[in-house]
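>>> one predicted model, sequence on top.
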Amino acid sequence: MPRVVVCGAMGKMGRAIIAALRDRPAGLTLSGAVEVPGHPLLGQDASEAAGAGKSDVAVTDDFSRAIATADVAIDFSRAESSVAHAAQAAASGKPIVIGSTGFTPEQLSKVGEAARGVPCVLSPNMSVGVNLMFKVAADVARVLGEDYDVEIVEVHHRFKKDSPSGTAVKLADVVAGALGREMKDVGIYGRRGMTGERPRKEIGVLAVRAGDVVGEHTLVFGGIGERFEITHRAHSRETFARGAVRAAAWVLGKPNGLYDMRAVLEG
């Protein structure tokens, strides 16, 4: 039975993943739970702390030891921690699934280096619906072309640390690519003051932080006389947790390399 170590185990997503593993989907079982040094729940039963029964798996701050006895890692910690965990997973010859966001280009490069040694799934959003949204967004952008303005609005809970969300960044990159643009050239993140007429090729991204919103992304194509919108709303973290567990089951035995959720969903 494949064994899974969860990093960022006591965060909101980590707890949801531990709960998702409770019924051993695809035969996966929790074997490790990793948190940062000094975390108040170190030594506690991870499943009990996550409200998912009892597993006799204690929360630890030693990823190297945890991955040594696991078959795959799922990491929803922080970008800098995920980079270190990817390198350690590669050194152990164990695949890893990373759902952290907020990576710098340099950090993404390091994850890519690790993926040369082990299979790695990296996605800012593990939801089936959101990954379908990426595909549909590219198709719609190609059909509508240059005649429609593109705007993205994302809404998350007040505790989210990065802005815009990794999902919004990915969505913007997907649409820009479909239109033959690059976000570094056309992206604008919020507006203020006398900004003047909107440039035709501009792609706007607005981040809203309020309350306990799990996640909402709206892609707007605005034309003269009509507006076309695609919206995805996550009602709970369970959808992301199920996707992460699905990715962990899928990545076992795959060739070394960097994969995304589209590869997972396409089987």
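Great, that's in hand.
>>> quick one: Thr218 is in a strand?
Yes: assigned with DSSP: H, G, I helix; E, B strand; the rest coil, Thr218 falls within a strand.
>>> who's in contact with it?
By Cβ atoms under 8 Å, 6 or more residues apart in numbering, the contact list for Thr218 reads Ile152, Val153, Glu154, Glu229, Ile230, Thr231. All C-beta atoms are positioned from the backbone trio N, CA, C, and that covers glycine.
>>> could you pull out the strands for the stretch 1-150 of the chain?
Per DSSP state E, counting those that start in this stretch, the stretch 1-150 of the chain has strands spanning 3-7, 29-34, 59-60, 72-75, 96-98, 119-122, 149-156. These are given in chain order.
>>> how far off centre is the second one?
Spelled out, it's strand 29-34. Here strand 29-34 is found 19 Å from its chain centre; the criterion is Cα atoms, centre = their mean, to the nearest Å.
>>> which helix runs longest in the chain?
Scanning the chain for the longest helix, with DSSP state H as the assignment, gives helix 128-144.
>>> follow-up on the earlier one: closest to Ile67 among the contacts of Thr218?
Closest approach to Ile67 among the contacts of Thr218 (Cβ to Cβ): Glu154, at 32.3 Å.
>>> hey, what's the closest one bridged with?
In this structure, Glu154 has the following beta-bridge partners (DSSP bridges): Ala207, His217.
>>> re earlier: buried among the contacts of Thr218? Make that a ChimeraX selection.
In ChimeraX, this line selects whichever of the contacts of Thr218 come out buried by 16 or more other Cβ atoms under 10 Å:
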select :152,153,154,230
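>>> of the contacts of Thr218, just say which sits nearest to Val4.
For these, with Val4 as the reference and Cβ to Cβ as the criterion, the closest is Glu154, at 29.0 Å.
>>> for the most centrally placed residue in the chain, give me its contacts.
The C-alpha lying nearest the average C-alpha coordinate of the chain belongs to Pro124 (Cα atoms, centre = their mean; 2.4 Å). Applying Cβ under 8 Å, 6+ apart, one finds that Pro124 lies in contact with Gly99, Thr101, Ser165, Gly166, Thr167, Val169, Lys170.
>>> how deep is the nearest residue to the first one once chain neighbours are set aside tucked in, by neighbour count?
Taking Cβ to Cβ, 6 or more residues apart in numbering as the measure, Gly99 lies nearest to Phe76, with 4.7 Å between them; neighbours along the chain are not counted. The criterion is other Cβ atoms under 10 Å. On that basis, Phe76 has 27 neighbouring residues.
>>> and if you look at the one 4 residues further on?
A count of nearby residues for Glu80, using other Cβ under 10 Å, gives 14.
>>> that one and Thr104 touch, don't they?
No: under the criterion of Cβ atoms under 8 Å, Glu80 lies out of contact with Thr104, with a separation of 9.3 Å.
>>> what about stretch 220-235, start to end distance?
Stretch 220-235 has its terminal residues 21 Å apart, counting by Cα to Cα, to the nearest Å.
>>> next: stretch 22-34.
The distance separating the two terminal residues of stretch 22-34, taken as Cα to Cα, comes to 17 Å.
>>> quick one: contacts of that stretch?
With Cβ under 8 Å, 6+ apart, stretch 22-34 has contacts from 1-10, 14, 18, 21, 46-47, 52-53, 55, 57-63, 66-67, 69-70, 72, 77, 85, 242, 245-246, 248-249.
>>> select only the buried ones of the residues you listed in ChimeraX?
Here is the ChimeraX command that selects the buried residues among the contacts of stretch 22-34 (16+ other Cβ under 10 Å):
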select :2,3,4,5,6,7,8,9,10,14,18,21,46,47,52,55,57,59,60,63,66,67,70,72,77,85,242,245,246,248,249
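>>> fine, thanks again, bye for now.
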